[in-house]
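In: for reference, the sequence and a predicted model appear below.
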Amino acid sequence: MKLSDIDQSFIMAMAVIFMALGILYQVVIGVLYQRMIQSTDTLSGGDNKLLGQCKERFIQCYKLNGGVSNIAVFVDKFMNRLRFAGMSMSLMKHLSGQLMLAGVFVAGFGVCKGIIEGSRFVDLLPFYILSLFGIYLYLSVCSIVDIAGRRQMLKTNLTDYLENHVAERLEHGMAQKEKLLRELEQVRNNRKEFQNEEKEQQPGESSHTRPEPIFSEDEAMELEELLKSLMV
């Protein structure tokens, strides 16, 4: 007796599917990490959707709290929330190993079933070959993808990108906003002083002794518009 062709084909197909999915998850994670690493290397985070979300969250947090005290922790939290097709990266990584083990288990089940039914070694050899080849391919892909190394590289690049580029620009923008606020307040105070002086000025009194305003009315309006654009 031996395994029927239908049983053997079905078991082989299930083992191949599980192993292929396990390897595919590894490749997907590696590709996603590599794309984000390239985006941070070229400082083009806007080209990557996930990095764009990270940048927007960082800007909102920075403006809301007046800065981000620990950017490394912010990056860790963001990377832990990374998702693809509704699944987190950590879940995909665990599923990858579990699917690979499931494929090997299915192949082993085929061997055990064949032994119980009295199949010859030649009939069981495809299951052994599939298991060994699947494990070899999985370990090779894991070493090439190097998820841990890519994750650490992405974390380093992303921390540097947010700290030395995004945060620096935000800090400069906030400094400019504070400066414009002081200048605008000075303009408003001068306007009030001029209005009070005009009310208190006696008829026939010369107006050449009044101080000239720092900004003209048009310049003050332009300053207000610029301030509004920085505060958005």
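Out: Arrived safely. Everything quoted here is computed from the prediction, not taken from an experiment. Numbering: from 1, shown residues only.
In: all strands of this structure, in order?
Out: Taking DSSP state E as the criterion, the chain carries its strands at 83-84, 87-88.
In: surely Val68 and Cys61 touch.
Out: Yes. The pair Val68 and Cys61 passes the contact test of CB atoms under 8 Å, sitting 5.8 Å apart. (Each C-beta comes from the backbone N, C-alpha and C, glycine too.)
In: who touches both of these two?
Out: Taking CB atoms under 8 Å, 6 or more residues apart in numbering as the contact criterion, the residues that touch both Val68 and Cys61 are Phe74.
In: comparing these two, which residue is more hemmed in?
Out: The residue with the greater number of neighbours, taking Val68 and Cys61 and applying other CB atoms under 10 Å, is Val68; the counts read 20 against 12.
In: so what's the more buried one up against?
Out: Residues in contact with Val68 (CB under 8 Å, 6+ apart) are Phe58, Cys61, Tyr62, Phe74, Leu162, Ala167.
In: the fifth one and Met153, how far apart?
Out: What that stands for is Leu162. As judged by CB to CB, to the nearest Å, Leu162 and Met153 stand 15 Å apart.
In: format the strands of the chain as TSV; extra columns: mean neighbour count.
Out: Converted to TSV, these look like this (neighbours: other CB atoms under 10 Å):
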stretch	mean neighbour count
strand 83-84	13
strand 87-88	14
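In: and Gln98, which of those is closest to it?
Out: Ranking these by their distance to Gln98 (criterion: CB to CB) puts strand 87-88 first, at 12.9 Å.
In: do you know which of the strands of the chain lies nearest Ser140?
Out: Counting by CB to CB, Ser140 lies closest to strand 83-84 out of the strands of the chain; the figure is 22.4 Å.
In: before we move on, back to that, more neighbours: Leu162 and Met153, which one.
Out: Comparing Leu162 with Met153 by neighbour count (other CB under 10 Å), the higher total belongs to Leu162, at 26 against 17.
In: just the pLDDT at the more buried one, thanks.
Out: Among the per-residue scores, Leu162 shows a pLDDT of 79.
In: ok, Glu225 next?
Out: At Glu225, pLDDT is 64.
In: likewise for Ala148?
Out: According to the model, Ala148 scores 88 on pLDDT.
In: give me the buried positions along the lengthiest helix in the chain.
Out: Using DSSP state H, we find that the single longest helix of the chain is helix 5-41. Across helix 5-41, burial judged by 16 or more other CB atoms under 10 Å covers 8, 11-12, 14-15, 18-23, 25-26, 28-30, 32-33, 35-37, 39-40.
In: now do the helices in this protein.
Out: In chain order, the chain shows helices spanning 5-41, 49-65, 71-80, 89-116, 121-145, 147-161, 167-200, 217-231, with DSSP H as the criterion.
In: show me where pLDDT drops low in this structure?
Out: Residues of the chain that meet the criterion pLDDT under 70 lie in 1-6, 42-47, 66-67, 69, 167-232.
In: what about 90?
Out: Low-confidence segments of the chain, defined by pLDDT under 90, are located at 1-12, 32-93, 109-127, 145-148, 150-232.
In: number of residues surrounding Cys54?
Out: If we define neighbours as other CB under 10 Å, then Cys54 has 24 of them.
In: and it, what is it in contact with?
Out: When contacts are counted by CB under 8 Å, 6+ apart, Cys54 is found next to Gly45, Val75, Phe78, Leu158, Leu162.
In: can you do 7 Å?
Out: Contacts for Cys54 (CB atoms under 7 Å, 6 or more residues apart in numbering) come out as Phe78, Leu158.
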